[in-house]
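Q: Structure, please.
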Amino acid sequence: MSRLSTPNLETDTGPSGQIYAQIKKAIGAVPNTYAAIAAHGPAALKSILAADAVLTGGSLPRRDLEVVKLVISAAGGCDYCVAAHSHLARLAGVNADVLKQIRDGAPTGDARRDALVHFVRKLAQSSGTVSDEDFAAIKSAGYSDAQLVEISLAFATTVFTNVFNRINDTDIDFPAVA
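A: Below is the predicted model:
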């Protein structure tokens, strides 16, 4: 059970209620993590949503963004974010078998995706320090300098939500991960 309380999403008319209304309009529902963050730090959620808007408008395909977020979430042990990003990656076109391989640390058979997974896993394991070889490998896989910036931003926002969800023990409202 989530540790932090959240107000009734339908009746909250304060700053968080305005954010809830925007999220519902955009995606149809307010995920539990967004509800809890907005209830206690609406500016923090606005920052995350603004960063996600930047990422959505960037050059990294949505499926790659979700793979980045899934790898970070799995490395960070955030069950909530693993479920969320597995679901969102499926919606972006990554099949369930590939998602399981990514979560399990197994190769997917797609060299570009595997290079991305390896690079992001290395970032997560090394607090962001990568070798010249790691850098050369991600560049050889075809990722641009701008995409490396986007990977870094996705990393930062995902670490925030991972840590928040672990503090809150947020109730998972995404499909279970098998």
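Q: which residues touch residue 166?
A: Counting by Cβ atoms under 8 Å, 6 or more residues apart in numbering, residue 166 touches 76-78. C-betas here are computed from N, CA, C, even on glycine.
Q: Can you tell me the centre-most residue of this structure?
A: Centrality entry for the chain: nearest residue to the mean C-alpha point is residue 69, 3.6 Å, by Cα atoms, centre = their mean.
Q: looking at this structure, which helix or strand does the model trust least?
A: When the helices and strands of the chain are scored by mean pLDDT, DSSP states H and E, helix 15-27 comes last with a mean of 82.
Q: From residue 88, how far out is residue 38?
A: Residue 38 is 19 Å from residue 88, where distance means Cβ to Cβ, to the nearest Å.
Q: more neighbours, those two?
A: When residue 38 and residue 88 are compared for neighbours, residue 38 comes out ahead with 29 against 18, by other Cβ atoms under 10 Å.
Q: about what we covered before: which parts of the least confident helix or strand of the chain count as buried, going by neighbours?
A: 16-17, 19-20, 23 (16 or more other Cβ atoms under 10 Å).
Q: just checking, residue 79 touches residue 173?
A: No. Counting by Cβ atoms under 8 Å, residue 173 is not a contact partner of residue 79; they are 11.9 Å apart.
Q: More neighbours: which of the two?
A: Legend: neighbour count by other Cβ under 10 Å for residue 79 and residue 173, higher for residue 79 (18 against 14).
Q: Read off the pLDDT value for that one.
A: If you check residue 79, the pLDDT there is 96.
Q: check contacts around it.
A: Contacts of residue 79 by Cβ under 8 Å, 6+ apart are 165, 172, 177.
Q: Next one, pLDDT for the last one please.
A: Reading off the confidence values, residue 177 has pLDDT 92.
Q: So it, which state does it fall into?
A: Under DSSP: H, G, I helix; E, B strand; the rest coil, residue 177 falls in the coil class.
Q: quick one: low-confidence parts of this structure?
A: Across the chain, nothing is flagged by pLDDT under 70.
Q: I figured residue 59 was touching residue 143, is that so?
A: No. Residue 59 sits out of contact with residue 143 when judged by Cβ under 8 Å, with a separation of 9.6 Å.
Q: Looking at those two, which is more packed in?
A: residue 143 (20 against 12).
Q: what about that one, distance to residue 151?
A: 7 Å.
Q: list the residues that contact both of the two?
A: Joint contacts of residue 143 and residue 151 (Cβ under 8 Å, 6+ apart) are 116, 119.
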